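Q: Generate coordinates for the sequence data below:
(chains A, B and C)
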Amino acid sequence: MATPILVGAEPFSAAGGPIGVVVLHGFTGNPQSMRPLATALAAAGFSVELPLLPGHGTSVEDMVPTRWSDWSSVAEATYGELAGRCDRVIAAGLSMGGTLAIWLAERHPDIAGIIVVNPLVDPPASSFRDMLSGMLEEGAVSVPAIGSDIAMEGVPESAYHASPIEPMLSMFDGVDETAAQLGEVRCPVLLLSSRTDHVVPSESGDLLAARAPGPVERVWLERSFHVATLDHDAPEIEARAVAFVNRVAAQAMSETERLISPEEVRHVARLARLALDDDEVGRYAVQLSAILEHVDAVRRLDTADVPPTAHPFPVENVLRPDTETLSLDRETVLAQAPVAEDDRFRVPRIMGEAP
Amino acid sequence: MTEYETVVGLEVHCELATATKLFCGCRNAFGEAPNTNICPVCLGLPGSLPVINRRAVELALRIGTALNCTAQRSIFHRKNYFYPDMPKDYQISQYDEPINVGGFLELPDGSRVGIERAHMEEDTGKTTHVGGGGRIHEAGYSLVDYNRAGVPLVEIVSRPDISSAAQARAYVDELRSILVATGASDGRMEEGSLRVDANVSVRPAGAAEYGTRCEVKNLNSLRSLERAIGYEVARQIALLESGERVAQETRHWDEGDGRTHALRSKEEANDYRYFPEPDLAPLVPDARLLAAAAEGVGPMPAERRRQLSELLKTGPEPAERRDGSTTDQVVTVVELGLDELVHGAVTAGADPHLSLARAANEAAANPDAAKLLDPIAFAALLKMESSGQLSATQSKEVLAELMTHGGDPAQIAARLGYEQMDGAALDSMVDEVIASNPEEWRRYRAGEEKVAQFLLGQVMRASKGRANGKLVAAAFVARRGV
Amino acid sequence: MTARQAPGIGTVTGIAAAVRSGEISARSVLQRSLERVADLEADLHCFNVTTAEKAMADADAVDRLVGSGLDPGPLAGVPVALKDNLCTEGIPTTCSSRILAGWIPPYDATVVSRLRSAGAVPVGKTNLDEFAMGSSTENSAFGPTRNPWDTTRVPGGSSGGSAAAVASGMVPLAFGSDTGGSIRQPASLCGIVGVKPTYGVVSRYGLIAFASSLDQIGPFAATVADAALGLEVVAGHDPMDSTSLDLPAPQLLASLSDGVSGTRIGIVEDFLSDVSPECGEAVVAAGEALAAAGAKVDRVTIPELLLGLPAYYIIAPAEASSNLSRYDGVRYGLRVDGPDAETMNARTRGEGFGPEVKRRIMIGTYALSAGYYDAYYGQAQKARTLVIRAFEAAYRNFDVLLTPTTPSVAFPFGSKVDDPIQMYMCDVCSIPSSLAGHPAVSVPFALSPEGLPVGVQVLAPALGETVMMRVAASLEAAAPGQARGPVTP
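A: Below you'll find the predicted structure:
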């Protein structure tokens, strides 16, 4: 008999436009902590999915047998389902939910962006983990809870009152894995960090900001503790999240929609003899796509029976007589040559044949 | 074994004999010190602009007319690609609106090869590869001379109507004659005035579709052209016969080992991104240009051959074959520019066939001198030969003397002692030979014609060539008689 | 905004007259100009290079001619600044690009020769957006130029250096180039007059090409009369430029003050929306001023003109991608070595060109490439025809048209440079006349609430410079004095 879901902990789902957001709650928490954010995103017109992770939102006993892979598979499945019906998908999460969002970004290069609030990124010291393992061996099942770290008075987080050890250790393994691959987070990141966080130290946010190669926008929340999504700065989080989603959704186009792909940029750069590195290729692909979209109006014009204009004014037969004029002094010209030899211009070996 | 047909199209680049380059006033000259004929325009310096050379347009129109093309309104396009010998890294050329379209070239044997187009474009600089094996991709580095950059070119593109290596050679040979005749080019292949690329493919005889073609480059002489096409055709046939496909590629002819070699394959085909040249105005072949184009141009080789052949019809058929076929003689005489001489001689009363023969065989030995021959004198000499006054041998001697030192044929003949041999002297010489060769005489009288040559030869020897062959023969015939 | 009006060193017409009459020496005029440069250049960065010594020699030569009773030319002794994409023999010409850093042209642009023959004294080469691509001069490889009216703001572009040099009174006359608005927009942002002539009226020989079918050279000056004189001197047929019209230079000064009575003027409504309030209001006010002076002013809508921007941003980059191919490290300029020629080319161009130039080269290459030519370049040239036809229809009913020069006043550094589309929008009002090859002029007419200059643009049909400048002169007469420079920061 399945334990009933706690009131307020139900998953949240909102059908909206072609931009989707996966919203993920934290360890021992449930959708209640993320509902205001999810609601704000839904109100902005996005399609939102806020799942209830396995073992959460019912009773702590249900959580004991669950592991990182259970929660990450749900995150993955939710992402996949949204990606299937949306043009672009963003992932948002609090605490371990943030870790899961980062984990998704590492696996899905076409994720449009991630929003993480106080994510756990910096793996805890092994001493701490050893201690927990020790407790396990001694028969302990859980440790006191990490929930409800909220500055605002009278706002409880509907979280478990205890943290089961085995799932916690499994979560730390997941954090290890995520931390190791931060170099794969190329999408835009909105990182919201509480100045005062009694659960996740600020080093986690620092690590993410330092290692993620994509653009990271970091916002400090001055008036909230760990569960900032329910705290004083909640409205700011919601506003920034909505703006972020709007912005990155416009920038990040899926492969089929983009007007010029990185491959085409490489091809054009080759034709034009411009050496570009991978970063530049990606950046120019976005910028050139935007420009091409801007000039698209011309492509769609109906120009049947409209002749092209090559010259503003039709002149013809502009000719000169076949008489000699002064040539340049060779020394003057060769003095400007990057490399000259034997009265000629010297170049490195030519690989191709002249057409 | 399948029968294959050869399909060849030729692209010939012809440097125009203008005083200056196509878009600037730098000298258009071969073989000068590197980078001495350059200016901001042909060097493509920032800020420079092209201005079209009027004479180049006139010569291009002239070539078009000579190839029976239609002249039309044309524009220039930019052909964009990077190569160190290209100062602007684009070539100003013509693309889909070229100055001359749709003509043909008539070969000496009467066959015709279609001409797609003959358009204008600028030449590139010259690259020398240093180090390595001298071939491009083996070279250590390259040196560029821009003297040639901007020289006006006309590119003549034939239809794929050529069906053999020999015909390809004949095509280029005739085209060269035409280009020289128009004054548009000096025709010096060895100096690069004329450059040929061949597009070669094969297909089973009677097939409707074309086979895959290869472009063959580095054909620096007529001989290379013929050899290369021959090789390439054989190569392609061998591939097809062994069940393989012919790859479409550009191949380089190596005169040394007598083979074509595929060039290093490029990553992708060139995308030239042609667009109309915004710095130049269109060309319209107006009355002024067309008149200037036509001015001072004589008939083309084909027309001259025709006129010469017509001339031959005005004279009597020759009694015996001359040395060399008439058609070959006509071709030779026109090629060497001696047809005017022949026309002049015939007008002065010489026999057409004899004039042609002597011009094609003897005068041809020294064409420059022959061009200076006075047609009247030439005619006088030929009349002396026709009438029997001079033997063929003697006539040739006098002609040689005439070409070297000029003068009057009758006086030269006299000086050389080629007086008409006295009739009595001739008779006595004939009688003496008959007396000295009784056995041969008996056989001749019996009807052996072969012996006549021997007897004739004896008389010629005795007379030291002064005897007139015809008269001697007649003398023998008379004595055999009764 | 701390700029205050400050008289320049004199007007073009005034200086020329005084030098020709012997009243002042060219040397002394030059001195004043160089002092002004010395004072302000560190703050404004108008110049890539100044050529004081050569200028002294030139000024002395003018004075000698005057002294000998010979004609020193109509611009005798006038210090002039030249945009650094004009070839000047023996003087480095860089287009504000690293790829041409240190290049010394072996020849003078035709315009430069004509200026020198007219007795003008070139003082230096001014800063620009790299290869004339941009609307703020922030794309210069050598640092931006600052607007004399407010040094936290851009002077506009691409001819920002020339505009700022005139607007700060360093020189009374400068020349720039205009492809989509690169003279007019900086003129507006700097509170001075800037003219783009009819395509073909001024020779392009020696102007380092950006977009061949659009580029034109034109003058900057503090007054319409000065700009008109500058244009008269450089205009006229040049056999070295096949696109140069076979006509003598236009005569503009004579009729400049004839007024606008009966002149039919159309305010193009399509450009009044999507511009800042002060820019739109200035045009309306300009219309009223001209009406008060006797012109027939009406509204007109020409929606096809809005096709101009997208068509331009295909055509200009396409031509530019070809014009800039020659910078390949082989014959002059920067070379970054490589194991083979192709790699050397790519590295040289990768390092030598800035991001905006690269963007445009790539868009242009793309628009011309196989499979895309018809859809982009081909279509754009047809859109161009539509723009030309729309203008022709409008000019059946109007002698000139009136629009904002540009959608905003001078903007702060960094505010648009990261967003190419935003930057391109600066040209929306100036592009259509470039596409059509028509002349246009920006006249300073008003100040924004923050005290920044607002220009108004007068458009005329091809070869309509005379009526255009006459209207411009009327506008100038009606405009408040403080709306125009020179100013000191």
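
Q: was I right about A:Arg273 contacting C:Gly352?
A: No. Counting by CB atoms under 8 Å, A:Arg273 does not reach C:Gly352; the two are 11.0 Å apart. Where C-beta positions appear, they are placed from N, C-alpha and C, glycine not excepted.

Q: what about C:Tyr332, distance to A:Leu334?
A: 10 Å (CB to CB, to the nearest Å).

Q: Then B:Arg245?
A: From B:Arg245 to A:Leu334 the distance is 49 Å (CB to CB).

Q: When the two are compared, which one has more neighbours?
A: Neighbour tally, B:Arg245 and A:Leu334, criterion other CB atoms under 10 Å in any protein chain shown: the higher count belongs to A:Leu334, 18 against 9.

Q: Phi and psi next, for that one.
A: The phi/psi pair for A:Leu334 (degrees, to the nearest 10) reads phi -70, psi -30.

Q: what's the closest non-adjacent residue to it?
A: Leaving aside its chain neighbours, A:Leu334 sits nearest to A:Ala340 (4.5 Å; criterion: CB to CB, 6 or more residues apart in numbering or on different chains).

Q: number of nearby residues for the one you found?
A: A:Ala340 has 19 nearby residues by other CB under 10 Å.

Q: And it, how far from A:Val333?
A: Taking CB to CB, one finds A:Ala340 at 9 Å from A:Val333.

Q: Could you pick out the residues of chain A near chain B for me?
A: A:267, A:270-271, A:273, A:310-311, A:314-328, A:330, A:333-334, A:341-355 (CB under 8 Å from any CB of the partner chain).

Q: Filter the residues you listed down to the buried ones and hand me the ChimeraX line.
A: Buried members of the residues of chain A next to chain B can be picked out in ChimeraX with the line below, counting by 16 or more other CB atoms under 10 Å in any protein chain shown:
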select /A:267,270,271,273,310,311,315,318,319,320,322,327,328,330,333,334,344,345,346,347,348,349,350,352,353
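
Q: Sort out for me which of the residues of chain A next to chain B are in strands.
A: Under the assignment DSSP state E, these contribute A:319-320, A:341, A:344-348 to strands.

Q: Take those residues and write them to CSV, including pLDDT and distance to C:Ile265.
A: Listed next are those as CSV, based on pLDDT from 0 to 100; distance: CB to CB, whole Å:
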residue, pLDDT, distance to C:Ile265
A:Leu319, 97, 41
A:Arg320, 97, 42
A:Glu341, 96, 63
A:Arg344, 97, 60
A:Phe345, 98, 56
A:Arg346, 97, 60
A:Val347, 97, 57
A:Pro348, 95, 60
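
Q: What about chain C: which of the residues you listed touch it?
A: Among these, chain C is touched by A:320, A:345, A:347-348 when using CB under 8 Å from any CB.

Q: show me what contacts residue 174?
A: Chain wasn't specified; assuming chain A. A:68-69, A:71-72, A:99, A:103 (CB atoms under 8 Å, 6 or more residues apart in numbering or on different chains).

Q: was after chain B, sorry
A: B:Glu174 touches B:105-108, B:301-302, counting by CB under 8 Å, 6+ apart.

Q: can you count the residues close to residue 62?
A: Because you didn't say which chain, this covers chain A. 16.

Q: other chain: chain B
A: Look at B:Arg62: counted by other CB under 10 Å, it has 26 neighbours.

Q: That one is in contact with B:Gly296, isn't it?
A: No. In this structure, B:Arg62 is not within contact of B:Gly296 by CB under 8 Å, at 9.7 Å.

Q: where do the contact lists of these two overlap?
A: B:Gly183.

Q: before we move on, back to that, so which of the contacts of A:Gly174 would you say is closest to C:Ile431?
A: A:Trp103 (48.3 Å; CB to CB).

Q: which ones are touching the closest one?
A: With CB under 8 Å, 6+ apart, A:Trp103 has these contacts: A:72, A:75, A:174, A:177-178.

Q: So which of these is surrounded by the most neighbours?
A: A:Thr178 leads the contacts of A:Trp103 on contacts (other CB under 10 Å) with 27 neighbours.

Q: how much space between C:Met133 and C:Gly160?
A: C:Met133 is 12 Å from C:Gly160, by CB to CB.

Q: no wait, C:Leu44
A: From C:Leu44 to C:Gly160 the distance is 10 Å (CB to CB).

Q: what does A:Pro355 give?
A: 40 Å.

Q: If we ignore the residues flanking it in sequence, what's nearest whichever residue of chain A sits closest to chain B?
A: As assessed by CB to the nearest CB, chain B sits closest to A:Thr325 within chain A, at 3.1 Å. Nearest residue to A:Thr325 in three dimensions, chain neighbours excluded: B:Gly25, at 3.1 Å (CB to CB, 6+ apart).

Q: and B:Thr6, what are its phi and psi?
A: phi -90, psi 130.

Q: who's in contact with the nearest residue to it once chain neighbours are set aside?
A: Once flanking residues are discounted, B:Thr6 sits nearest to B:Val233: 5.0 Å by CB to CB, 6+ apart. Counting by CB under 8 Å, 6+ apart, B:Val233 touches B:4, B:6, B:165, B:200, B:202.

Q: Would you agree B:Val233 falls within a helix?
A: Yes. Checked against DSSP: H, G, I helix; E, B strand; the rest coil, B:Val233 lies within a helix.

Q: Quick check, pLDDT for it.
A: Looking at B:Val233, its pLDDT stands at 96.

Q: The one 3 residues further on too?
A: In this model, B:Gln236 is scored at 95, pLDDT.

Q: Which SSE is immediately downstream of the helix or strand containing it?
A: For B:Gln236, the host element (DSSP states H and E) is helix B:222-241. Next helix or strand after helix B:222-241 toward the C-terminus (DSSP H and E): strand B:250-254.

Q: Return the residues of chain B in contact with chain C.
A: Counting by CB under 8 Å from any CB, the residues of chain B close to chain C are B:40, B:43-52, B:78, B:80, B:82, B:84, B:87-90, B:142, B:144, B:271, B:273-275, B:278-281.
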